[in-house]
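K.L.:
coordinates for the following, if possible.
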Amino acid sequence: MNRGIIATLRDIVPLRPLTREEALRIAELQALRFLELSGITCGPVPEDIIADLPRVQVGRMSPLPVSGATHWASQRWLIVLNGAEPATRQRFSLAHEFKHILDHRFMDVLYRNIPESARHDAVEQVCDYFAGCLLMPRPWLKKAWGERVQTLDALAARFETSQAAMSVRLQQVGLAKQAPRCVNDTTGWALPSLVPALDTWTYRRAPSLAGAM
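P.N.:
Predicted structure coming up:
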């Protein structure tokens, strides 16, 4: 392949404002294409498919007041995860932050039609959806379900996700009834000790009230 994975995944996105439904559908297409390009055909999805990408560095800090943060600095992306959280939560946060990287260049275009007051939450929901699609792909879940792996704990163990994240994903693919979710937001945080003051962009992911992801 001549183009890098990040560029290839960005090419899937039409450069125009997206509806919510379009943004979610494209996020799933990107996740499935990423798995295809990485040669991953069954779960659990390894962290290395993100950590080993050129100009992407993954680190962990503890304590950390958020689940994950993404920065562009010194010509590379730095994804920082909360090392005190469970490994399943860190895996989800890593996938979530990677979607921020994919969208970064086109944020002002893709989400232009969303009111500014609601834009942050909308983008976070799309990133959560991408993470679920990447770690728990719809075809893989349905295959496991058809093989009678149908309990929450067994599915979460197979895909190395939290049971709460698996519950949400089962609702999304139509294998479980939908339940309401709550998301907490934390703002005003950065990593000045790790990131230079100039030429940086930062995305922050707040912890969920239920610790779902």
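K.L.:
residue ranges of the strands in the chain, please?
P.N.:
56-61, 68-73, 76-82, 201-205 (DSSP state E).
K.L.:
from memory residue 17 sits against residue 110, does it?
P.N.:
Yes - shown here, residue 17 and residue 110 form a contact pair, counting by C-beta atoms under 8 Å, at 6.6 Å. Quick note: C-beta positions are derived from backbone N, CA and C, even for glycine.
K.L.:
any idea how far residue 79 lies from residue 120?
P.N.:
19 Å (C-beta to C-beta, to the nearest Å).
K.L.:
before we move on, back to that, turn the strands of the chain into a markdown table, including distance to residue 27.
P.N.:
Output for these, formatted as a markdown table (distance: least, C-beta to C-beta, whole Å):
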| stretch | distance to residue 27 |
| --- | --- |
| strand 56-61 | 18 |
| strand 68-73 | 16 |
| strand 76-82 | 18 |
| strand 201-205 | 15 |
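K.L.:
among those strands, which is nearest residue 125?
P.N.:
For residue 125, the closest of those is strand 201-205, at 11.7 Å, according to C-beta to C-beta.
K.L.:
pLDDT on the closest one, on average?
P.N.:
Here strand 201-205 scores 52 as its mean pLDDT.
K.L.:
what do you get for stretch 6-20?
P.N.:
pLDDT averaged over stretch 6-20 gives 95.
K.L.:
which residues sit against it?
P.N.:
Around stretch 6-20, the neighbours that count as contacts under C-beta atoms under 8 Å, 6 or more residues apart in numbering are 1, 3, 26, 29-30, 33-34, 37, 53, 101-103, 105-106, 109-113, 122.
K.L.:
in it, what counts as buried?
P.N.:
For stretch 6-20, the neighbour count (16 or more other C-beta atoms under 10 Å) marks 6, 9, 10, 13, 18 as buried.
K.L.:
next: stretch 113-129.
P.N.:
114, 120, 123, 124, 125, 126, 127, 128, 129.
K.L.:
out of those, who's nearest residue 156?
P.N.:
residue 128 (16.4 Å).
K.L.:
and that closest one, how far from residue 168?
P.N.:
8 Å.
K.L.:
could you export stretch 151-162 as CSV, CA atoms only?
P.N.:
Output in CSV follows, covering the C-alpha atoms of stretch 151-162 (Å, rounded to 0.1, in the frame of the first residue of the first chain):
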residue,chain,number,x,y,z
THR,A,151,-23.3,-14.1,28.0
LEU,A,152,-22.0,-10.7,28.8
ASP,A,153,-19.0,-12.0,30.7
ALA,A,154,-18.0,-14.5,28.0
LEU,A,155,-18.2,-11.9,25.2
ALA,A,156,-16.3,-9.3,27.2
ALA,A,157,-13.6,-11.9,27.9
ARG,A,158,-13.3,-12.9,24.3
PHE,A,159,-12.9,-9.3,23.1
GLU,A,160,-11.0,-8.1,26.2
THR,A,161,-13.4,-5.3,26.9
SER,A,162,-15.4,-4.3,30.0
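K.L.:
list the buried residues for it?
P.N.:
Across stretch 151-162, burial judged by 16+ other C-beta under 10 Å covers 155, 156, 158, 159, 160, 161, 162.
K.L.:
my guess is the first one contacts residue 142. True?
P.N.:
Pointing back at residue 155 there. No - when contacts are counted by C-beta under 8 Å, residue 155 is not listed as touching residue 142 (11.3 Å).
K.L.:
tell me how far stretch 93-105 is from the chain's mean position?
P.N.:
6 Å (C-alpha atoms, centre = their mean, to the nearest Å).
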